[in-house]
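Asks: Predicted model, plus sequence, below.
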Amino acid sequence: MQLTLKIWRQENADSKGKIVSYEISDVSPDMSFLEMMDVLNEELMIKGIDPVAFDHDCREGICGSCSMFINGEAHGPDRYVTTCQLHMRKFKDGDTIYVEPFRAKTFPVIKDLVVDRTAFDRIQHAGGFISVNTSGNTQDANSIPIEKANADKAFDAATCIGCGACVATCKNSSAMLFVSAKVSQFALLPQGEVEATDRVINMVKQMDEEGFGNCTNTGACQVECPKGISLDNIARMNRELVKAQFKK
Ligand code: SF4
Ligand code: FES
């Protein structure tokens, strides 16, 4: 395949970025999107041009770092896949592909396609954990009975990889889908009950302080989420928040 890539280039957080056009040939349909970007970067380096900076780690849809806007969609045109799992067979020979960073005020661009998503880390630090006594008397988690339906919902929520596609897709740059997944994965389990009140209050407070927008039930986040995180989690988080505010 021969492709034209229109890629956002930005030297650093303070400089002004722009779209730069690159031609690439001999792209195999079996390559992943990131492998195609690797080939482009090798060609750029041979020519003495600064390679395109992009985040990646696991390259198997787990770490959530490979965040790109491809032809106007977070993680590109395929559904339930991350950019590293997107294959070039989803494009046609001769296509022009636009590649941009995830855009949100809360995700400032560091360089090219790399954005700062530490706002998510700070939300996690505010309450996305459970405190367990690991002194040697810890109860085996498998011996705690949990209703199957709740176990399934908690597992689904826990599949959120913190990629930020929901924020980048939302017209309000809302982080509600992410935060609600992180709240839900504990709210549905007995292990999460102990700190449930503080967790939801603190995580929502941190989310607001970071400057993420509000949810207006558009649902675009759910459509673009590579893990299919459901809007039901947002409803659950809102219920948890009301409950917690009454208890405080
Ligand atoms: S909810 Fe989905 S889109 Fe948002 S951070 Fe989690 S995995 Fe990514
Ligand atoms: S590189 Fe880890 S999810 Fe894509």
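Replies: That came through, no problem. Numbers count the residues shown, from 1 in each chain. Ligands and ions are numbered 1, 2, ... in the order given.

Asks: from here on, contacts and neighbour counts on C-alpha atoms
Replies: Noted.

Asks: how much space between residue 96 and residue 224?
Replies: 21 Å (Cα to Cα, to the nearest Å).

Asks: Can you pick out the residue with more neighbours from these two?
Replies: Counted by other Cα atoms under 10 Å, residue 96 and residue 224 do not tie: residue 224 has more neighbours, with 26 against 17.

Asks: Give me the helices and strands touching the helix or strand of the chain at the bottom of the mean pLDDT ranking, please.
Replies: Counting by mean pLDDT, DSSP states H and E, the chain has its least confident helix or strand at helix 190-193, which shows a mean of 92. Packed against helix 190-193 by the contact rule (3 or more Cα pairs under 8 Å, 6 or more residues apart in numbering; DSSP states H and E) you find helix 176-187.

Asks: Buried residues in the least confident helix or strand of the chain, which are they?
Replies: Neighbour-count burial for helix 190-193, with 16 or more other Cα atoms under 10 Å as criterion, is recorded at residue 192.

Asks: Other residues contacting the following helix or strand past it?
Replies: Next along the chain after helix 190-193, taking DSSP states H and E as the criterion, comes helix 196-210. Counting by Cα atoms under 8 Å, 6 or more residues apart in numbering, helix 196-210 makes contact with 106, 119, 122-124, 126-128, 175, 179, 183, 186-187, 237, 240-241, 243-245, 247-248, all of which sit outside it.

Asks: Give the buried residues for helix 196-210.
Replies: Residues of helix 196-210 classed as buried by neighbour count (16+ other Cα under 10 Å): 196, 197, 198, 199, 200, 201, 202, 203, 204, 206, 207, 210.

Asks: Next secondary structure element downstream of it?
Replies: As assigned by DSSP H and E, the chain's next helix or strand after helix 196-210 is helix 220-224.

Asks: Could you list every helix and strand that that following helix packs against?
Replies: Using 3+ Cα pairs under 8 Å, 6+ apart, the elements in contact with helix 220-224 are helix 165-169.

Asks: Is ligand 1 within reach of the helix it packs on?
Replies: Yes: contact between helix 165-169 and ligand 1, assessed by Cα under 6 Å from any ligand atom, occurs at 165, 166.

Asks: helices or strands up against that helix?
Replies: Helix 165-169 sits against strand 73-74, helix 220-224, with contacts defined as 3+ Cα pairs under 8 Å, 6+ apart.

Asks: Okay, domains of this protein per the record?
Replies: For the chain, automatic domain parsing gives the domain ranges 3-111, 118-247.

Asks: what about the shortest one, average pLDDT?
Replies: Model confidence over domain 3-111, given as mean pLDDT, is 97.

Asks: mind checking the end-to-end distance for it?
Replies: Between the opening and closing residues of domain 3-111 we find a distance of 23 Å, counting by Cα to Cα.

Asks: next one: the longest one
Replies: Counting by Cα to Cα, you get 30 Å between the two ends of domain 118-247.

Asks: Apart from its chain neighbours, what residue comes closest to the residue nearest in space to the middle of the chain?
Replies: In the chain, the C-alpha nearest the mean C-alpha coordinate belongs to residue 163, at 1.5 Å (Cα atoms, centre = their mean). In space, and not counting its chain neighbours, residue 163 is closest to residue 64: 4.2 Å by Cα to Cα, 6 or more residues apart in numbering.

Asks: Equivalent analysis for residue 181, please.
Replies: Leaving aside its chain neighbours, residue 181 sits nearest to residue 157 (4.7 Å; criterion: Cα to Cα, 6+ apart).

Asks: What about the one you found, how many residues nearby?
Replies: The tally of other residues near residue 157 (other Cα under 10 Å) stands at 26.

Asks: do the same with residue 136
Replies: 6.

Asks: My guess is residue 84 contacts residue 36. True?
Replies: No: contact between residue 84 and residue 36 fails when scored by Cα atoms under 8 Å: they sit 10.2 Å apart.

Asks: of those two, who's got more company?
Replies: Using other Cα under 10 Å, the more surrounded residue of residue 84 and residue 36 is residue 84, with 24 against 19.

Asks: That'll do, ta.
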